[in-house]
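Colleague: 3D, please:
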Amino acid sequence: MPKKYQNGPFEHVSWPAEKKEAIEVFEQWHDFLANKCRFSSSEEAQKAFADVKAQLQNNDDQDLIPSVLLTQVRKAIATHDLPSEWLFGQLDVAHHFYGPVQIKDAKELKSFITRWEAPHAYLSAKLADAAYTWQRKLIDELTMGFFVVDMLLRLPEYLEKGRVFVPLSELEHANVSVQQLKQGERTDAVQRLLWKQTIRARDAFAQGQPLVRELERKYRGTVKKNWLTALEYINEIEKRKYDVWSIPIELSTKQRFQIFVLSVIGRGASKARG
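Modeller: Modelled structure (predicted):
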């Protein structure tokens, strides 16, 4: 995964101190649920997370979430008037990170992203005064786009961990096996399969793009830069004929400069092509 790739619309925003503290807490929460728990299987994790969610909603004692982190989470919720479900609801799907993941179809992919990634983005959007009901639909789309780009950039890593975020129905339709993807076979069928994923990402970015215009000026430039950067990664994947295995995909200094200029002068994403 490129070290400088951002995987959400509000990454790299220059937040004031109090909001930055909350953002860091959200990141710790997200990371803890996905990476820091000790479960031997997805089934064990699912039961434990369900129990903890019920305990948190009832204000009962629990012994999974570190007390320091939970205190910080509750403080952020109270300070910024956040819906607790945006945080606690992530417990419903965090078990996916403790065992093999296979996504059945496009509907299941959308459901997973909407329940895991989107609420995380809503929290940042709320701090930017951009999490109203109609805006959350746009955030859902942007989150889909960022997730798919991230998935493509990290495809070998994810497959090695047994995480197959390319819908199985699309693999079957393309007559491509998970093993072929894992081995990095660059057949026409594999290229068409990954092309479909880039189309999914492009469509999501197009559907979510109106959010940029609704943001306050102090947030707009960074969010647009993130959006243009993700689109340029798609361009780069296409230029390499969907070879995401050979070497890590990085953007050049020239590409990053062009993205910066476009994020400032306000032209469309189509101008971001290198």
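
Colleague: hmm, who's touching the helix or strand hosting residue 207?
Modeller: For residue 207, the host element (DSSP states H and E) is helix 188-208. Contact with helix 188-208 is made by 9, 106, 138-145, 148-149, 151-152, 166, 170-171, 174-176, 180-181, 227, 230-231, 234, 237-238, 241-242, 244, 269, as judged by Cβ atoms under 8 Å, 6 or more residues apart in numbering. Where you see a C-beta, it was placed from the backbone N, CA and C, and this is true even at glycine.

Colleague: repeat that for stretch 118-133.
Modeller: The contact list for stretch 118-133, computed with Cβ under 8 Å, 6+ apart, reads 8-10, 13, 15, 19, 22-23, 26, 30, 80, 82, 85-87, 89-90, 135-136, 139-140, 142-143, 211, 214-216, 219.

Colleague: and that stretch, C-alpha only, in PDB?
Modeller: Extracted C-alpha coordinates of stretch 118-133, given in PDB (Å, rounded to 0.1, in the frame of the first residue of the first chain):
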ATOM      1  CA  ALA A 118     -19.000   5.200   6.200                       C
ATOM      2  CA  PRO A 119     -19.800   5.800   9.900                       C
ATOM      3  CA  HIS A 120     -16.100   6.400  10.500                       C
ATOM      4  CA  ALA A 121     -16.300   9.100   7.800                       C
ATOM      5  CA  TYR A 122     -19.500  10.500   9.200                       C
ATOM      6  CA  LEU A 123     -17.600  11.300  12.400                       C
ATOM      7  CA  SER A 124     -15.100  13.400  10.600                       C
ATOM      8  CA  ALA A 125     -17.800  15.000   8.500                       C
ATOM      9  CA  LYS A 126     -19.800  15.900  11.600                       C
ATOM     10  CA  LEU A 127     -16.800  17.900  12.800                       C
ATOM     11  CA  ALA A 128     -16.700  19.700   9.500                       C
ATOM     12  CA  ASP A 129     -20.500  20.400   9.800                       C
ATOM     13  CA  ALA A 130     -21.200  18.200   6.800                       C
ATOM     14  CA  ALA A 131     -23.000  15.100   8.100                       C
ATOM     15  CA  TYR A 132     -26.600  16.000   7.500                       C
ATOM     16  CA  THR A 133     -28.900  13.300   6.100                       C
END
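
Colleague: just the contacts of helix 188-208: which are in strands?
Modeller: Among the contacts of helix 188-208, no member falls in strands (criterion: DSSP state E).

Colleague: restricted to helices, list the residues you listed.
Modeller: 106, 138-145, 148-149, 151-152, 170-171, 174, 180-181, 227, 230-231, 234, 237-238 (DSSP state H).

Colleague: and those, which of them are buried?
Modeller: The neighbour count (16 or more other Cβ atoms under 10 Å) marks 138-145, 148-149, 151-152, 170-171, 174, 180-181, 227, 230-231, 234, 237 as buried among these.

Colleague: please state the offset of stretch 126-139 from the chain centre?
Modeller: 16 Å (Cα atoms, centre = their mean, to the nearest Å).

Colleague: check which residues of that stretch are buried.
Modeller: By neighbour count on 16+ other Cβ under 10 Å, the buried set for stretch 126-139 is 126-128, 130-131, 135-136, 138-139.

Colleague: one more: stretch 193-201?
Modeller: Neighbour-count burial for stretch 193-201 flags 193-194, 196-198, 200-201 (criterion: 16+ other Cβ under 10 Å).

Colleague: lowest-confidence helix or strand of this structure?
Modeller: helix 253-265 (a mean of 89; mean pLDDT, DSSP states H and E).

Colleague: same for that one, what does it pack against?
Modeller: In terms of contacts (3 or more Cβ pairs under 8 Å, 6 or more residues apart in numbering; DSSP states H and E), helix 253-265 is packed against helix 217-239.

Colleague: next, the angle helix 188-208 makes with the helix it packs on.
Modeller: Orientation of helix 217-239 against helix 188-208 (axes from the mean of the first three to the mean of the last three Cα atoms, to 10 degrees) gives an angle of 160 degrees.

Colleague: what's the angle from helix 217-239 to helix 253-265?
Modeller: Angle of helix 217-239 versus helix 253-265, following the same axes, to 10 degrees, is 140 degrees.

Colleague: by contact count, what packs against helix 217-239?
Modeller: Using 3+ Cβ pairs under 8 Å, 6+ apart: helix 217-239 touches helix 133-153, helix 188-208, helix 210-214, helix 253-265.
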